[in-house]
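Sequence below, structure please.
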Amino acid sequence: MEAMILRLVRLPLRPEAVSAFMELYGRIHPELERFPGCRSVTLLRDAADPCVLATLSYWDSLEELERYRRSALFARTWPQVRALLVERAQVWTYELDAPAPL
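Presented below is the predicted three-dimensional model:
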């Protein structure tokens with residue numbers, strides 16, 4: 001059995017783009033959480049910089065995460081997010097050694 005995956009994506013947004021991102025996230029979040037293999041997605045805000053947001057998601061497996069990354073949902077969403085960034089997003093992917101705190 002594959003390990004559960006935690007994915008953290010840091011999104012440094014242009015100041016004028018934060019509200020557009022929040023609106024986009026609000027529309028996409030329910031669809032993303034219904035995506036097969038996705039356990040949950042949480043939006044985080046950097047405590048020191050309100051223009052830096054992050055998504056923290058849990059996936060059943062790396063294969064499920066990759067299936068999402070090849071999906072139509074990702075293909076239509078990621079270009080919209082990328083256009084709001086002030087610099088490149090940073091991404092970390094971890095395998096969980098213990099059950100996720102869901």
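
In a strand, Arg39, correct?
Yes. Judged by DSSP: H, G, I helix; E, B strand; the rest coil, Arg39 forms part of a strand.

Would you confirm that it contacts Ile5?
No. Look at Arg39 against Ile5 with Cβ atoms under 8 Å: they stay out of range, at 9.3 Å. (Glycine included, C-beta is placed from N, CA and C.)

list residues touching both of the two?
Common contacts of Arg39 and Ile5 (Cβ atoms under 8 Å, 6 or more residues apart in numbering): Tyr58, Trp59, Asp60.

Throw the residues you listed into CSV and include secondary structure, neighbour count and distance to Trp92, thanks.
Formatted as CSV, the shared contacts of Arg39 and Ile5 follow (DSSP: H, G, I helix; E, B strand; the rest coil; neighbours: other Cβ atoms under 10 Å; distance: Cβ to Cβ, whole Å):
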residue, secondary structure, neighbour count, distance to Trp92
Tyr58, strand, 19, 13
Trp59, strand, 27, 13
Asp60, coil, 17, 18
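
In a markdown table, list these along with pLDDT and distance to Gly26.
Output for those, formatted as a markdown table (pLDDT from 0 to 100; distance: Cβ to Cβ, whole Å):
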| residue | pLDDT | distance to Gly26 |
| --- | --- | --- |
| Tyr58 | 97 | 20 |
| Trp59 | 97 | 21 |
| Asp60 | 96 | 24 |
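
In JSON lines: those, plus distance to Cys51.
Shown next, in JSON lines, are the shared contacts of Arg39 and Ile5 (distance: Cβ to Cβ, whole Å):
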{"residue": "Tyr58", "distance to Cys51": "25"}
{"residue": "Trp59", "distance to Cys51": "27"}
{"residue": "Asp60", "distance to Cys51": "32"}
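
Can you pull up the most central residue in this protein?
In the chain, the residue lying closest to the centroid (Cα atoms, centre = their mean) is Thr55, at 4.0 Å.
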